[in-house]
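> Sharing a model that was predicted from the sequence below.
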Amino acid sequence: MTAFVHLIRALRIQAEICGQMGSPFNEGLLERIAFDLEAGGPSCRLFERWEATALRQLADDGVMIRVANTFNHLAMGGEAEALSAAWPRPGAPLDVDAAWVAARAAIRTHFEALSTFLDHEPQTNEVRRAGGLLGGFLTVAAETGLPLRCFEIGASAGLNLYWDRFRYEMGPVTWGDPAATVRVDADWQGAAPPLVPVEVIERAGCDRRPTDLTDPVQRRRLLACIWPDMFDRLARSRCAIDLALAEGVTVEAADALDWARSRVRPQAGAATVLFHSVFWQYLPQATQKGLAAAIAEIGASATPQAPFAWLRFEPPPTNLRIIEVWLTSWPGGAERRLATAHPHGASTIWLG
Ligand SMILES: C[S@@+](CC[C@H](N)C(=O)[O-])C[C@H]1O[C@@H](n2cnc3c(N)ncnc32)[C@H](O)[C@@H]1O
């Protein structure tokens, strides 16, 4: 077998995905890395650990994202000046060739830093997904007429725990404080969900590996996962981090199944919402089954005075490139597909 055959293929697939999802820079960078591996260039030493890894494993471990993000992470700091200078900047034309020349040179000059970053699984927290979830929260609030208690599993850094403090500008859907610092703008097709006021009286989240935003190292790692030519995502995330820090965000370190079982119960006088985004696919099948059963059990204990809803922004198992927003409401357990959406929340088609 040719060395790196799977990684080269995986990088080309990921390059295409990045291009389709609005990052021509990452598309070009990953193509150049794939070519460098093929040509036996310096990338071979940096990515040696994945020389013979199978495609499925590469995808499961988020390797293609790590490969792109490690250069972004280095470029974000002051350690590699030439790389930082060649990296995308708002208002400057993209020059992937110049960036790749600097990145290739950095493999020699900053090998340890690049290699160390690769040790960690990618950890993202995409704020604009709140735009896809918003219609679900509003539907629950409108239908129950109650304040909400919001519980997020797989919350990462907890940025979307503050979804109700954001301002949304999505076509016919304008919602939230016009003076909010976190602005979620996105394309919207279809009617608007009920644009009712919402009071969130409790919020909590868990993640098996939460990002601690008070730690500058972890904050930088989180921001490094945002594709470098997507300046609006970066700016929005920075504002959301400031908000979460000001609010004293905490995300409990826990497995979602244990946490949901022990922490989430319907409560009279409020609608309890368990929600998640781009999380389900990372669970082993047994955990998915266990969690679905635990959620159904929580739902079974709901009453009209203490309703419960399960809201999710997740790809269907057969196509990880699109998102469906589903809502299940108890008592009763009625299930609805509310919307389809772009995986980063850049657009929503409301079906509600
Ligand atoms: C792709 S990230 C998405 C984060 C966030 N929900 C968002 O949409 O930005 C998936 C998250 O799920 C978390 N996760 C995966 N398996 C988990 C589990 N069994 N229990 C809790 N969190 C888990 C990961 O640590 C990661 O933070």
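Nice, I can see it. Numbers count the residues shown, from 1 in each chain.
> Please make it C-alpha for all contacts and neighbour counts, starting now.
Noted.
> Would you map the strands across the stretch 151-300 of the chain?
Using DSSP state E, counting those that start in this stretch, the strands of the stretch 151-300 of the chain run over residues 167-170, 173-175, 183-185, 187-189, 200-207, 251-253, 271-277.
> Please name the residues that touch G269.
Residues near G269 by C-alpha atoms under 8 Å, 6 or more residues apart in numbering: 146-147, 305-306.
> circling back to that earlier point, which one of the strands of the stretch 151-300 of the chain lies nearest to R236?
Nearest to R236, of all the strands of the stretch 151-300 of the chain, is strand 183-185, at 6.8 Å by C-alpha to C-alpha.
> I'd like to know which elements that closest one is packed against.
Where contact means 3 or more C-alpha pairs under 8 Å, 6 or more residues apart in numbering; DSSP states H and E, strand 183-185 is packed against helix 129-144, strand 167-170.
> Can you give the contact residues for it?
For strand 183-185, the external contacting residues (C-alpha under 8 Å, 6+ apart) are 127-128, 130-131, 166-170, 236, 346.
> picking that back up, okay, the helices and strands packed on strand 183-185, which one's buried deepest?
helix 129-144 (a mean of 23; mean count of other C-alpha atoms under 10 Å).
> in which helix or strand would I find the residue of the chain found nearest the ligand?
Closest contact between the chain and the ligand, by C-alpha to the nearest ligand atom, is at N125 (3.0 Å). For N125, there is no host helix or strand (DSSP states H and E).
> For the residue lying closest to it once chain neighbours are set aside, list the residues it contacts.
Beyond its immediate neighbours in the sequence, the residue positioned closest to N125 (C-alpha to C-alpha, 6 or more residues apart in numbering) is S156, lying 5.9 Å away. By C-alpha under 8 Å, 6+ apart, the contact list for S156 reads 123-125, 206-207, 209-211, 251.
> same deal with N160?
Applying C-alpha under 8 Å, 6+ apart, one finds that N160 lies in contact with 125-127, 130.
> Let's have the residues you listed in JSON lines, adding pLDDT and distance to H342.
Shown next, in JSON lines, are the contacts of N160 (pLDDT from 0 to 100; distance: C-alpha to C-alpha, whole Å):
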{"residue": "N125", "pLDDT": "97", "distance to H342": "15"}
{"residue": "E126", "pLDDT": "97", "distance to H342": "12"}
{"residue": "V127", "pLDDT": "98", "distance to H342": "13"}
{"residue": "A130", "pLDDT": "98", "distance to H342": "12"}
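> Pull up the residues of the stretch 101-250 of the chain that are close to the ligand.
By C-alpha under 6 Å from any ligand atom, the residues of the stretch 101-250 of the chain that approach the ligand are 123-126, 153-156, 207-209.
> Which residues does stretch 248-265 contact?
Outside stretch 248-265, the residues within contact range by C-alpha under 8 Å, 6+ apart are 151, 153-158, 204-210, 272, 274, 287, 290-291, 294-295, 298.
> Report the mean confidence score over that stretch.
If you average the pLDDT over stretch 248-265, you get 97.
> Pull the distance from that stretch to the chain's centre.
Stretch 248-265 sits 18 Å away from the centroid of its parent chain (C-alpha atoms, centre = their mean, to the nearest Å).
> Many thanks, we can stop here.
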